[in-house]
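In: quick one: sequence plus predicted model below, questions after.
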Amino acid sequence: MSELLMYLTNGIVIGVINAISAIGVSLIVGIMKVVNFAHGELYIFAGYFSYHLSVSLGVPPLLAMPLSIFLIFLIGIGMERTLIRPTYGDEMYSLIITFVLSIVLQNAALLIFGPYPQKPPNWVTGAMNIFGLYHYGNQRILSFFISIGVLLSIFYLIKRTWFGKSIRAISQDREMAALVGVDHLKVNMLAFGLGAALAGAAGVVLSPIFPVTPSGSSSVSLNAFIVVVLGGMGSLKGCVVGGLILGILENLGAAYISTMYRHIFGFIILILVLVFRPWGLFGQKTQ
Amino acid sequence: MLEVNGIDTFRGEAQILWNLTMKVERGEVVTVLGANGAGKTTLMESILGVHHPKKGSIHFLGEEIAFQPSFHIIKKGVSCVPEGRRIFKDMTVYENLEMGAYPQKARSFLRETVEWVYSLFPILETRKEQIAGTLSGGEQQMLSIGRALMSKPMLLLIDELSLGLSPKITKEIYATVRKLHKEGVTILLIEQNATLALRHSHRGYILETGRITLQGTSQEIMGNEHIRKAYLGM
């Protein structure tokens, strides 16, 4: 029983982080109709940044985290300005560009950081007894609460601020958004940066638990895509629920079936959703 | 207030507007009439910076706007009710109105303008928390007008106000247009429904295959033999 609860808790912790990463993909798809295949690489870079900032440069881990996310945000903005902006209006070009970029960044990570898995130091040590049932690492508990904090801030940003409203307006009708005065190029750029930063946030939160390697990026991207499809395109709520479902299923599957098959559960979900409910759990059924 | 001077506008390869010249003076209500495909919407989109003309100039309050992006033109005091209403369907009625007040200047008097719009269209206040996509066609048109008013525009462009609305609701909305004009908003109406539009405007232009073929006061246009046959069905 306590074992099951622990796997469930693991699933929930991973699920929330999945959700953050997936919202990053979903935002960019929703606004710009760009699928960012380099999403996973940004996650990996964030993990390495926070490792090197804290281990090589001696920055305190909890400061290294926002710093790394900010760096990824800047990289995202740079990507949008130089590579993505010229492709607006042609979804095929941006698809190819981000795909190529993902390969380039993956190899860059290999060159810069080397092939070895790296793990930023834990922010906290020790474990806590949960309701007298099982012990759970403090690092994971803290990761969980930080992720919840990130999620709540994103929801606030999207639902309540002018920036968030302009994001929603653009994803519904880009031209009309410009006709009420939204500078859509600026919003695109910031939103792409935000999407990248969310990949980065997932990376820095999860890397102390699961070390990052350059080759780990594609499974991060795929996980995010699975969650977006499962939850439904353009739905924030869908990303959260989808992220939790994927996190829990993967962890239970890995525990009770086999760790070897960890990633296959995501694909099974993906195929089932595409066959039976292609618009996802919370997406809108359109043409 | 608005001067369009000899513009040629293309959509892709096809030239839609040919050497088009027209103007709207402050305080006027002007109608542009034309059949489907005459280039009415393209004219509106040229003014709004959605399509930039290849030739000619467009001045608003003396300033060249022909090659500026839409969001700059909106900030200068132009606003539009586009064809098909194009409200933000997944946002609430109130959020749609808020988006109308997106320009920095408009945000500061958001609360007053919302009250003003609610007084023009009381139904919007009762529906303010509703998702805009669930409104009826007439209510969506009111929301679209309300949203356009939220920036307190000096010039309001309205495309196909009556399209898809029942005669009763069309009449109500035109009554509001008249009220707006009394409050000092300059209005450019782009319409297929000639009778109603001319009755509510001072001057008119007839647009045929991208060229202005006739202009004059609304009375003159309504009196024109050709127009009576082609547009008014008399």
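Out: Okay, I see it.

In: got a list of what residue A:171 touches?
Out: A:30, A:31, A:234 (CB atoms under 8 Å, 6 or more residues apart in numbering or on different chains). To be clear about C-beta, it is placed using only N, CA and C from the backbone, and glycine gets the same treatment.

In: that one - that's part of a helix, no?
Out: Yes: judged by DSSP: H, G, I helix; E, B strand; the rest coil, residue A:171 forms part of a helix.

In: so in terms of bridging, what pairs with the closest residue to residue B:129 other than its chain neighbours?
Out: Leaving aside its sequence neighbours, residue B:129 sits nearest to residue B:92 (CB to CB, 6 or more residues apart in numbering or on different chains; 5.6 Å). Residue B:92 has these beta-bridge partners by DSSP bridges: residue B:131.

In: report how many residues lie close to residue B:92.
Out: For residue B:92, the tally of surrounding residues (other CB atoms under 10 Å in any protein chain shown) stands at 15.

In: was I right about it contacting residue B:128?
Out: Yes: counting by CB atoms under 8 Å, residue B:92 sits close enough to residue B:128 to count as a contact (6.8 Å).

In: contacts only, for the residue nearest to residue B:129.
Out: B:128, B:129, B:130, B:131, B:132.

In: and it, how far from residue A:230?
Out: Using CB to CB, to the nearest Å, residue B:92 is found at 27 Å from residue A:230.

In: quick revisit: residue B:221: which of the contacts of residue A:171 is nearest?
Out: residue A:31 (44.3 Å; CB to CB).

In: the closest one reaches residue A:170, doesn't it?
Out: Yes: between residue A:31 and residue A:170 a contact is recorded at 5.2 Å, counting by CB under 8 Å.

In: higher neighbour count, these two?
Out: The neighbour comparison of residue A:31 against residue A:170 (other CB under 10 Å) goes to residue A:31, with 26 against 22.

In: which helix or strand contains the more buried one?
Out: Residue A:31 belongs to helix A:2-32 when assigned by DSSP states H and E.

In: can you pull the residues of the stretch 151-287 of chain A lying near chain B?
Out: A:162, A:165-166, A:168-169, A:172-173, A:175-184 (CB under 8 Å from any CB of the partner chain).

In: in helices, which of the residues you listed appear?
Out: Counted as lying in helices by DSSP state H, out of these, are A:162, A:165, A:166, A:168, A:169, A:172, A:175, A:176, A:177, A:178, A:179, A:184.

In: any of the residues you listed buried? List them.
Out: Buried members of these, counted by 16 or more other CB atoms under 10 Å in any protein chain shown: A:165, A:166, A:168, A:169, A:172, A:176, A:177, A:178, A:179, A:184.

In: give the contact list for residue B:159.
Out: By CB under 8 Å, 6+ apart, the neighbours of residue B:159 are B:40, B:41, B:44, B:80, B:81, B:82, B:83, B:190.

In: cool, residue A:187 as well?
Out: With CB under 8 Å, 6+ apart, residue A:187 has these contacts: A:31, A:163, A:166, A:167, A:170, A:177.

In: check for me that it belongs to a helix.
Out: Yes: Residue A:187 sits within a helix when classified using three-state DSSP.

In: tell me where chain A has strands.
Out: Assigned by DSSP state E, the strands in chain A fall at A:127-130, A:134-137.

In: most tightly surrounded among the ones you listed?
Out: strand A:134-137 (a mean of 16; mean count of other CB atoms under 10 Å in any protein chain shown).

In: adjacent strands (with direction) for it?
Out: Short version: by DSSP bridges, strand A:134-137 pairs with strand A:127-130 (antiparallel).

In: contact partners of the partner strand?
Out: Defining contact as CB under 8 Å, 6+ apart, one finds that strand A:127-130 is touched by A:5, A:9, A:135, A:136, A:137, A:138, A:141.

In: export the residues you listed as TSV, with columns for pLDDT and distance to residue B:33.
Out: Shown next, in TSV, are the contacts of strand A:127-130 (pLDDT from 0 to 100; distance: CB to CB, whole Å):
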residue	pLDDT	distance to residue B:33
A:5	89	72
A:9	92	68
A:135	84	78
A:136	88	73
A:137	88	73
A:138	90	73
A:141	92	69
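
In: right, I'll call it a day here.
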